[in-house]
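Undergrad: give the three-dimensional model of this entry:
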Amino acid sequence: MDVTDFSFWFTYFILPLMIFFSRIIDVTLDTLRIVFVAKGNKFLAPLLGFFEILIWLIAITKIMQNLDNVACYIAYAAGFATGNYIGLIIEEKLAMGIQMFRIITQKDATPLIEKLINGGYKITSIVADGNKGSVHIIYLVVKRTENKNIISIINHFNPNAFYSIEDVRHVNEKDTGLNKKSKFKSLRWMRKGR
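TA: Next up, the predicted model:
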């Protein structure tokens, strides 16, 4: 392989691949950084931001040095899209944070309330008036890792119940039942930034 062949392979395959993978890394870090900013993590968000921008600068420098190389543009855009996808998958797997469920049901909510209380969840329940008569409203604050379990309990007792889920940035954890041991023991140090 002579120098011309290597130059061709580097310019049209190796360089675009490097740009593609650097964009995946920097956009994944960006997605996670945004999540940590929203959660109020004062340590990890800036740290991720530092590496995100460093990698981005390297990638954009290579693009600027190769403005006539369309393969670099495609790699840059494809890396951006892939990085968003991977970042969202990682964020979903981490399932960090606290969320509030608001459950509204016309059906008698007593069995659902008892199941939640027996499961160790702290709830607030009120009876209210809806368009079609009396309803039960149940408020519940849980770790995000509990979502599937809560949804399963709701669907078991009343598949037609309306529920909404909202992210909660901060909770006074004294009497919420949230201070159970985390599944992510190695991530426990990150909560200090809240």
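
Undergrad: can you name the next helix or strand after the one helix or strand Phe80 maps to?
TA: Per DSSP states H and E, Phe80 falls inside helix 70-94. Using DSSP H and E, the helix or strand that directly follows helix 70-94 along the chain is strand 98-105.

Undergrad: can you list contacts of that following strand?
TA: 109, 112, 130, 135-144, 147, 150, 154, 158, 160-168, 171, 178 (C-beta atoms under 8 Å, 6 or more residues apart in numbering). In short, each C-beta sits where N, CA and C put it, glycine included.

Undergrad: isn't Tyr134 right next to Val127, touching?
TA: Wrong residue type there; residue 134 is Ser, not Tyr. Yes. Under the contact definition of C-beta atoms under 8 Å, Ser134 touches Val127, with a separation of 6.1 Å.

Undergrad: specify the angle between the lengthiest strand in the chain and strand 98-105 in degrees.
TA: Longest strand of the chain, by residue count under DSSP state E: strand 133-143. With axes from the mean of the first three to the mean of the last three C-alpha atoms, to 10 degrees applied, the angle from strand 133-143 to strand 98-105 works out at 160 degrees.

Undergrad: and this protein, what are its domains?
TA: 3-94, 98-172 (automatic domain parsing).

Undergrad: export these to a markdown table and tack on mean neighbour count?
TA: Converted to a markdown table, the domains of the chain look like this (neighbours: other C-beta atoms under 10 Å):
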| stretch | mean neighbour count |
| --- | --- |
| domain 3-94 | 16 |
| domain 98-172 | 15 |
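
Undergrad: let me have those in TSV, extended by mean pLDDT.
TA: Output for the domains of the chain, formatted as TSV (pLDDT from 0 to 100):
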stretch	mean pLDDT
domain 3-94	87
domain 98-172	89
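
Undergrad: quick revisit: what's in contact with whichever helix or strand comes after the longest strand of the chain?
TA: Toward the C-terminus, strand 133-143 is succeeded by helix 147-157 as the next helix or strand (DSSP H and E). Identification of contacts with helix 147-157 by C-beta under 8 Å, 6+ apart yields 95, 99, 101, 103, 109, 111-112, 115-116, 119, 121, 140, 142, 161, 163, 165.

Undergrad: pull the most distant pair out of these.
TA: Ala95 and Pro111 (27.2 Å; C-beta to C-beta).

Undergrad: skip the chain neighbours and tell me the closest residue to Glu166.
TA: Met100 (5.0 Å; C-beta to C-beta, 6 or more residues apart in numbering).

Undergrad: who's in contact with the closest residue in space to Tyr12 that isn't next to it in sequence?
TA: Spatially, and ignoring its direct neighbours in sequence, Tyr12 is nearest to Ala71 (5.1 Å; C-beta to C-beta, 6+ apart). Contact partners of Ala71, counting by C-beta under 8 Å, 6+ apart, are 11-13, 15-16.

Undergrad: lovely, talk soon.
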